[in-house]
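# Need a 3D model of the sequence below.
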Amino acid sequence: MATLQRYCLVTVGATVGFKQLTEQVLLPAFWQFLTSEGFTSLRIQCGPDISWATALLDNRNADIPEGLTVNVFEATKNLMKDEMLLCRAESGVRSTGLVISHAGTGTILDAWKVGLPVIVVPNEELLDNHQAEMATHLASEGYATMSTARYTDLQGAIHKADLLWEENQSRLPPHSVKSQKNASSLRLWEIHPQEVDKEEDARMVND
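This is a model prediction of the structure:
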């Protein structure tokens with residue numbers, strides 16, 4: 001029986017970067033853990049950190065476990081369609097993957113549109129540490145799992161994210177996206193995963 005693909009997407013945003021998180025997910029120990037959890041691909045969107053991240057990955061190529069591919073890239077025009085869809089289950093091809101994201105609201109909403117488990121990692125070096133407030137709120141409401149950037153914490157968060165995602169399949173019934181005059185008032189539970197298939201002009205949201 002062929003092994004199903006399973007993708008883990010790490011995204012830090014297109015403009016600022018998140019060195020601490022990028023360094024941690026490029027550790028061989030983290031790769032070994034992903035392999036033990038059935039992941040076959042780790043894709044890291046690292047924004048302005050692409051140069052040193054590429055060099056670090058090149059130096060550790062020999063440490064990548066068999067059955068896992070690791071790639072870094074700067075950005076993409078449409079993160080949701082180009083990358084997140086690879087994390088969505090497809091019968092006979094892929095099992096449900098995972099998004100590990102900085103606490104950017106656009107990225108988190110896109111992951112919810114696709115219907116994926118999300119781990120939110122606040123970048124505490126940003127002004128006023130505003131991402132921590134967002135991450136704490138999402139975790140307290142049961143919409144995402146919160147973690148620090150440390151790879152050991154990420155490993156525990158991955159287990160929790162899988163359990164939370166399974167729970168939310170029954171806890172949060174699907175809703176269609178309704179037309180609203182004020183788009184900013186759209187609530188997380190009004191996003192239906194199937195709506196992503198209808199978006200023809202989706203833009204990249206890596207904020």
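
# Distance check, residue 24 against residue 106.
Counting by Cβ to Cβ, to the nearest Å, the gap between residue 24 and residue 106 amounts to 23 Å. To be clear about C-beta, it is placed using only N, CA and C from the backbone, and glycine gets the same treatment.

# Ok, residue 123 next?
Taking Cβ to Cβ, one finds residue 123 at 15 Å from residue 106.

# more crowded one of those two?
residue 123 (22 against 16; other Cβ atoms under 10 Å).

# Spell out the secondary structure type for the more buried one.
Here residue 123 is coil, with the state taken from DSSP: H, G, I helix; E, B strand; the rest coil.

# Likewise for residue 72?
Going by three-state DSSP: residue 72 is strand.

# Next: residue 56.
Quick answer, by three-state DSSP: residue 56 is helix.

# what sits against it?
For residue 56, the contacting residues are 23, 26, by Cβ atoms under 8 Å, 6 or more residues apart in numbering.

# swap in residue 151?
So residue 151 contacts 24, 25, 27, 29, 30, 33 (Cβ under 8 Å, 6+ apart).

# What about residue 125, how many residues nearby?
Around residue 125 there are 12 residues (other Cβ under 10 Å).

# give me phi/psi at the nearest residue to it once chain neighbours are set aside?
Excluding the flanking residues, the one nearest residue 125 by Cβ to Cβ, 6 or more residues apart in numbering is residue 20, at 7.8 Å. Here is the backbone geometry of residue 20 (degrees, to the nearest 10): phi -60, psi -40.

# same check, this time on residue 17
Dihedral angles (degrees, to the nearest 10) for residue 17: phi 90, psi 160.

# State the distance from it to residue 44.
Distance from residue 17 to residue 44, by Cβ to Cβ: 12 Å.
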